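1. Curious how this folds, go ahead:
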Amino acid sequence: MRILLPLALLLVSASLPAARAAGEATARERLAVLDRGGGASEVEIVRLASELLARSPDDTTLLWRRGDALRRLGQDERALADLQRLIQLAPASPYAVRARRALPALFLRVGLDREAAQADEELLAQQLADPAAVLPRLAQTYSRLGQAREVRATIERLRAIDRERATGDCDLAWLEADAIARLGPRPEAAAAMLAFATRFPNDRRRAEALERAGRSPEAGDDVRTVLATSSDPGTIERALSRHVEIEQEQRGTEGAIVALAGLVNEVRPAVAGPAKRRMTELLEGLAASHTVAPERAAFLVELAGRAGPGIEVPPALRLAAAQLWEGVGDCGRASRVYRSLVSEGPPVELEAGRGLERCRPRAQPSGPAAERGSGGASSP
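-> From the prediction side, this is the model:
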């Protein structure tokens, strides 16, 4: 028995390498089957490759397989770790070239813009990718980094090899015009923006280009066209912001409120809701400034009422309007507003209560005295 036990242990220990080898062979065979069958599951590739990498952590083929699958699954940080290790282990291998081509997009997806720009520049310097495919992405990256000179230089590099793409792509044209505008001088910046607006009359950025070119009236017309035709909420919000800015520059805050009321009354639900919210914001700003005359307050309250529900007029403006109506003898209208204000709290609550008292009709006398008083003057 003492002889048999060590012999059994020896047999078990001798079988472990064979079992590990069999397991590795099984995992590799499964990967090969997935490759031959096509449409392999990325999750399964990651599982099998991870199992094999636990035994062979420097296998560049497996690093590529797992890193590429992780990239497709959207697990970008894990994919970056595998691909960067692969490049470090075998920088000249075919898999390393494929990994280098995948790096810029991965860097961008995890917010590493500087690393993405550097990776793209290395691709171009080492001639590992088509410049016509890399340069547009690189220009976008430099724009996000705020590097206007690099944006211009990158688009010039693209223009040298693909003039049609550099000239005809509206996104690249916008990047170039924006870079020129940021670098100055002002006449050149205005010319670049005006050229963009002329070349791309249907582009969503045309209004901003005209505004930055110094042609506000045209920009206002363009914004109104967007508001009249667009159904995209994001586009509407941006156009509405520009519309308010332009109106405030030209006609002041009250003029902007009037313009927004016009949009509400056009009965475009996609625009009416955002326009009402902006009206409320502007009315609150006016009330906080304490500079609105009572007659203007009354006008704004009436305007908001005509625009329908959903616009919150600040209590201070409503109180000023009620006091104006009381002053001109329209106590019925003033009383309705005062009643709505008595629950608002200080400081309008007390003033509203006093206004209600002043607007209450005087009690009419009754009985014989009333009859005598209503009969007019007595005859002698």
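2. what's the domain layout of the protein?
-> If you go by automatic domain parsing, the domain ranges for the chain are 38-129, 215-313, 314-360.
3. Least reliable of the ones you listed by average pLDDT, please.
-> Lowest mean pLDDT of these: domain 215-313, a mean of 85.
4. any idea how far that domain is from the chain center?
-> Average the C-alpha atoms of domain 215-313, do the same for its chain, and the two points are 21 Å apart (Cα atoms, centre = their mean, to the nearest Å).
5. what do you get for stretch 105-115?
-> Here stretch 105-115 is found 19 Å from its chain centre; the criterion is Cα atoms, centre = their mean.
6. which residues touch that stretch?
-> 71, 76-77, 79-80, 83, 103, 116, 119, 137, 141, 144-145 (Cβ atoms under 8 Å, 6 or more residues apart in numbering). C-betas here are computed from N, CA, C, even on glycine.
7. Kindly indicate which of these lies nearest residue 347.
-> residue 144 (48.4 Å; Cβ to Cβ).
8. what separates that closest one from residue 212, distance-wise?
-> 19 Å (Cβ to Cβ, to the nearest Å).
9. More neighbours: which of these two?
-> Using other Cβ atoms under 10 Å, the more surrounded residue of residue 144 and residue 212 is residue 212, with 20 against 14.
10. still on that earlier bit, buried ones only from the contacts of stretch 105-115, please, as a PyMOL command.
-> A single PyMOL command selects the buried members of the contacts of stretch 105-115 (16 or more other Cβ atoms under 10 Å):
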select buried, resi 71+76+79+80+83+103+116+119+137+141
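11. Just put the contacts of stretch 105-115 in TSV and tack on distance to residue 275 and secondary structure.
-> Listed next are these as TSV, based on distance: Cβ to Cβ, whole Å; DSSP: H, G, I helix; E, B strand; the rest coil:
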residue	distance to residue 275	secondary structure
71	44	helix
76	40	helix
77	43	helix
79	45	helix
80	45	helix
83	49	helix
103	45	helix
116	39	helix
119	45	helix
137	37	helix
141	36	helix
144	31	helix
145	36	coil
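12. which one of the contacts of stretch 105-115 is nearest residue 253?
-> Of the contacts of stretch 105-115, the one sitting nearest to residue 253 (Cβ to Cβ) turns out to be residue 144, at 33.7 Å.
13. Out of the domains of the chain, flag the one nearest residue 196.
-> Proximity to residue 196 (Cβ to Cβ) singles out domain 215-313 among the domains of the chain, at 12.3 Å.
14. all strands of the chain, in order?
-> Taking DSSP state E, the chain contains no strands at all.
15. Nearest residue to the middle of it?
-> When Cα atoms, centre = their mean is applied to the chain, the residue found nearest the centroid is residue 234 (7.0 Å).
16. any idea how far that one is from residue 221?
-> Counting by Cβ to Cβ, the gap from residue 234 to residue 221 is 21 Å.
17. Residue 98 too?
-> 50 Å.
18. cool, and residue 312?
-> Distance, residue 312 to residue 221, by Cβ to Cβ: 30 Å.
19. now do residue 304
-> Counting by Cβ to Cβ, the gap from residue 304 to residue 221 is 26 Å.
20. between the two, who's got more neighbours?
-> The residue with more neighbours, out of residue 304 and residue 221, is residue 304; 23 against 13, by other Cβ under 10 Å.
21. Verify the contact between that one and residue 282 for me.
-> No. Shown here, residue 304 and residue 282 do not form a contact pair, counting by Cβ atoms under 8 Å, at 10.6 Å.
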